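Asker: here is my input; please provide its structure:
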Amino acid sequence: MSATDRLRRESFFILLLLSVMALLYFCILGKGGYRKLREYRKQFEALSVENSRLRTENESLLKNIKQLKSDPNAIEKVAREDFNFARPGDIIVALPDK
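Answerer: From the prediction side, this is the model:
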């Protein structure tokens, strides 16, 4: 093997090694690399939890709406608690807030 062939082969391996190192750098630390992927996964998990919470809240509100549309006792409860309505003959006692 001549010196030029050896130099050529070493140059090729050095260039290949530098290329692989650059590729790994961009894959791990680059703009769309592994760190960004981990960030997106955390964000996805947080949004999934928030979505589940909102879905549960939405179901609860829909159940409450159905009750208010059909149950007179639920309507009366809201009227008494939220709007301070009373039946004729009821005595309302207002207590001071702490």
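
Asker: so where's this protein uncertain?
Answerer: 1 (pLDDT under 70).

Asker: hmm, try it at 50
Answerer: Across the chain, nothing is flagged by pLDDT under 50.

Asker: now the helices: where do they sit in it?
Answerer: Remark: helices assigned in the chain by DSSP state H are 3-29, 34-70, 72-83.

Asker: turn those helices into CSV, including distance to A94.
Answerer: For every residue, glycine as well, the C-beta is placed using N, CA and C. Compiled in CSV, the helices of the chain are given as follows (distance: least, Cβ to Cβ, whole Å):
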stretch, distance to A94
helix 3-29, 65
helix 34-70, 25
helix 72-83, 13
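
Asker: list the residues that contact the most centrally placed residue in the chain.
Answerer: The residue lying closest to the centre of the chain (Cα atoms, centre = their mean) is L47, at 1.3 Å. For L47, no contacting residues are found, by Cβ atoms under 8 Å, 6 or more residues apart in numbering.

Asker: quick one: closest of the helices of the chain to V93.
Answerer: Nearest to V93, of all the helices of the chain, is helix 72-83, at 13.1 Å by Cβ to Cβ.

Asker: what's the closest one in contact with?
Answerer: Contacts of helix 72-83 (Cβ under 8 Å, 6+ apart): N64, Q67, L68, F85, A86.

Asker: what do you get for stretch 84-95?
Answerer: In contact with stretch 84-95 (Cβ under 8 Å, 6+ apart) are residues A79, R80.

Asker: identify the residues contacting L7.
Answerer: Contacts of L7 (Cβ under 8 Å, 6+ apart): none.

Asker: quick one on the thing from earlier: relative to Y34, how far out is the residue nearest to the centre of the chain?
Answerer: Plainly put, L47 is 20 Å away from Y34 if you go by Cβ to Cβ, to the nearest Å.
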